[in-house]
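**Student:** Mind looking at a prediction? Sequence and model below.
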Amino acid sequence: MKGKLIAVALWSAASSAAVAGQVESSPTGSAAAAQYYSPLFKDELDRARTFVDQMMVAGVVVPVPSDPGGGYTHEQHKRNYKAIYEGGQLYRITGEQKYADYVRDMLLAYADLYPTLGEHPARKNSQSSGRIFWQVLNDAMWMVHGIQGYEAIRDSLSEADRKNIDDNLFRKAAAFLSTGSAVTFSKIHNHATWATAGVGMTGYVLGDKELVDIALLGLDKSGETGFCGRANCSFPPTAIIPKGLIISALP
């Protein structure tokens, strides 16, 4: 488990959505001390509570995608992935079951919706189409946030709910973002950074080495693309990441 969390943290840092690692599951001990002695942490916790609690009052709202950026369905799905991520972290920090239940219900709604989606109706010819959003970049951002929220609550779910969310949402979304969006996934580009991060974290959370390998090394596993290839092209030669350096988190 610790290896998975370290790997998730590596992916998150690279995609500007960092995971801090495993935190106390109840607000006692070090978690309570952090809230008392760290006012910025407390302020952020309060902000997250306010947002997620408001989302919970509104209920689980997962509309069929129809709008381009700025439209109602686009903005609702953005709010949803933020709530999934923050709800998961709140459950991990506070241990309050209501947050795990809310994230579970949201993800189950997506597990029902996702298999029915094709190309987004508001897609532009100049962009790679998403499923939940009008471009694949936004789908990848949804995945990066969603898989982190899911990882925080996954152990609390029934076997049936885990299988449903694993297979009908995250595995299908990972397939779409990788082989289903091969041109974007294989670019040396910020869109591909989000996509490889989302697919890689999904592989770590689900224990799927194939997803981890293609995310790190590219669809052909040559290392010329994928997360490692992208990192090698983004830093000076002295900072090049040796191939295989961070592939040992899964057997």
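**Tutor:** On my side now, so go ahead.

**Student:** so is the residue positioned nearest the centre of the chain in a helix, a strand, or just coil?
**Tutor:** Centroid check for the chain by Cα atoms, centre = their mean gives residue 144 as the closest residue, at 2.3 Å. Judged by DSSP: H, G, I helix; E, B strand; the rest coil, the three-state class of residue 144 is helix.

**Student:** Does it touch residue 201 like I think?
**Tutor:** Yes - counting by Cβ atoms under 8 Å, residue 201 is a contact partner of residue 144 at 6.8 Å. Using the backbone N, CA and C atoms, a C-beta is placed for each residue, glycine as well.

**Student:** hang on, the earlier thing: could I get the pLDDT score of the residue nearest to the centre of the chain?
**Tutor:** Per-residue confidence at residue 144 stands at 97 (pLDDT).

**Student:** for residue 127, same thing?
**Tutor:** At residue 127, pLDDT is 69.

**Student:** what does residue 162 give?
**Tutor:** Looking at residue 162, its pLDDT reads 98.

**Student:** mind checking the SS state of the nearest residue to it once chain neighbours are set aside?
**Tutor:** Of all residues not flanking residue 162 in the chain, residue 154 sits nearest, at 6.2 Å (Cβ to Cβ, 6 or more residues apart in numbering). Secondary structure, three-state DSSP: residue 154 is helix.

**Student:** Residue 161 versus residue 154, what's the distance?
**Tutor:** Residue 154 is 9 Å from residue 161, where distance means Cβ to Cβ, to the nearest Å.

**Student:** now residue 77
**Tutor:** 21 Å.

**Student:** Counting neighbours, go ahead and name the busier of these two.
**Tutor:** Between residue 77 and residue 161, residue 77 has the larger neighbour count (other Cβ atoms under 10 Å), namely 23 against 17.

**Student:** Apart from its neighbours in sequence, what residue is nearest the more buried one?
**Tutor:** residue 132 (5.3 Å).

**Student:** how about the one you found, secondary structure?
**Tutor:** With three-state DSSP as the basis, residue 132 sits in coil.

**Student:** before we move on, could you check phi and psi at it?
**Tutor:** phi -80, psi -30 (degrees, to the nearest 10).

**Student:** Could you do residue 222 as well?
**Tutor:** Here is the backbone geometry of residue 222 (degrees, to the nearest 10): phi -80, psi -20.

**Student:** how close does it sit to residue 182?
**Tutor:** Residue 222 is 14 Å from residue 182, by Cβ to Cβ.

**Student:** I figured the residue nearest to residue 77 hits residue 64, correct?
**Tutor:** No - the criterion here is Cβ under 8 Å, and residue 132 misses it with residue 64 at 9.9 Å.

**Student:** out of those two, which sits in the busier spot?
**Tutor:** Using other Cβ under 10 Å as the criterion, residue 132 and residue 64 rank with residue 132 on top: 27 against 10.

**Student:** and the residue nearest to residue 129 when sequence neighbours are not counted, how many neighbours?
**Tutor:** In space, and not counting its chain neighbours, residue 129 is closest to residue 123: 3.7 Å by Cβ to Cβ, 6+ apart. A count of nearby residues for residue 123, using other Cβ under 10 Å, gives 16.
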